[in-house]
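1. my questions concern the predicted model and sequence given below.
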Amino acid sequence: MTTPAIITVAITGAVPRKADNPAVPITPAEQIDSTRAAFEAGASVVHLHVRDDDGSSSSDVGRFAAVQDGIRRSCPGMIVQFSTGGRGRDPAERAKPLSLNPDMASLATGSVNFADQIYDNHPRLVTAMAEEMIKRGIKPEIEVFDLAMLYTAARMTERGLLRRPPHLQLVLGIANALPARRRLVEFAVAEMNELIPGATWTAAGIGRHQLEVACWALELGGHCRTGLEDNLKFDKSRLAASNAELVAQVVALCPQYGRHPASPAEARAILKLA
Ligand code: ZN
């Protein structure tokens with residue numbers, strides 16, 4: 001018996017362009033096609049950003065609606081997770097796509113430095129987005145870019161701003177934020193288990209750390225995230241051909257850790273989604 005591992009595919013992100021890797025899906029049609037291929041390869045969650053016509057990061061509700069509709073039609077049961085992330089987006093607009101009631105949405109519970117910018121999440125914005133998600137029955141994925149965000153998530157859970165059990169994602173390997181170190185994952189998971197019993201978790205390794213972080217998550221009982229948002233390369237020698245290829249890379253790792261890719265039904269049961 002193997003245990004299910006939820007594989008999230010982060011198909012597009014806010015930053016990469018076709019010039020970086022031509023496989024990055026930008027238009028809604030490309031995003032739907034790329035998600036379907038990743039779904040068929042074993043992903044059960046899609047983490048979604050949308051872009052404007054010029055390729056820049058967008059909070060456009062119409063775009064989110066078009067992509068969500070297409071994914072729901074072509075990927076039965078797949079969990080749709082919207083990004084509420086800040087890069088390139090007006091803070092006042094970031095929560096607007098929540099009106100479309102996706103299954104999940106990302107929620108960073110604090111601010112942090114990235115390589116050359118501040119990822120700014122004012123406590124008022126964090127609270128407002130958490131309240132909106134509770135009201136709409138949207139499950140947050142708590143983005144832990146720095147350990148304080150884990151402790152903030154624990155406090156928000158105690159105060160009823162996050163429904164139990166919350167789902168957290170450790171984001172590792174961003175310059176100026178958390179490094180990709182296994183001991184850090186072990187520590188964070190131990191703290192989470194003590195402070196937020198029942199919480200579930202994913203770990204995302206950025207860039208060249210993607211695969212090793214996936215291995216730690218599979219071994220330590222967590223879930224995995226992959227995709228072109230986080231990493232453009234298949235290995236040192238070449239670019240990834242598609243999001244599906246990166247998903248298949250994680251699927252291939254599962255058996256050696258006693259795991260299998262979660263079906264959409266298994267993923268929904270683990271995350272306590274409808
Ligand atoms: Zn994202």
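-> Sure, I can see it. Residues are numbered from 1 along each chain as shown.
2. show me the contacts for S111.
-> I118, Y119, D120, N121, H122 (C-beta atoms under 8 Å, 6 or more residues apart in numbering). Bear in mind the C-beta positions are built from the backbone N, C-alpha and C, glycine included.
3. phi first, then psi, for it.
-> phi -110, psi 160 (degrees, to the nearest 10).
4. give me the number of residues near the nearest residue to P261 once chain neighbours are set aside?
-> For P261, ignoring the flanking residues on the chain, the nearest one in space by C-beta to C-beta, 6 or more residues apart in numbering is G42 at 3.7 Å. Neighbour count of G42, defined by other C-beta atoms under 10 Å: 20.
5. so how far is A203 from G42?
-> As judged by C-beta to C-beta, to the nearest Å, G42 and A203 stand 17 Å apart.
6. hmm, back to that, could I get the contacts of S111 as a markdown table with distance to the ion, secondary structure and pLDDT?
-> Below are these laid out as a markdown table (distance: C-beta to the ion, whole Å; DSSP: H, G, I helix; E, B strand; the rest coil; pLDDT from 0 to 100):
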| residue | distance to the ion | secondary structure | pLDDT |
| --- | --- | --- | --- |
| I118 | 17 | strand | 93 |
| Y119 | 11 | strand | 94 |
| D120 | 16 | coil | 94 |
| N121 | 13 | coil | 95 |
| H122 | 19 | coil | 95 |
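7. give me the phi and psi for the residue nearest to P261.
-> Per degrees, to the nearest 10, the backbone of G42 is at phi 130, psi 0.
8. do I have it right that it meets L246?
-> No: applying C-beta atoms under 8 Å, one finds G42 not in contact with L246, separated by 10.7 Å.
9. next up, the contacts around whichever residue of the stretch 1-150 of the chain sits closest to the ion.
-> Using C-beta to the ion, the single residue of the stretch 1-150 of the chain nearest to the ion is S83, 4.1 Å away. By C-beta under 8 Å, 6+ apart, the contact list for S83 reads G13, A14, H47, L48, H49, A105, S106.
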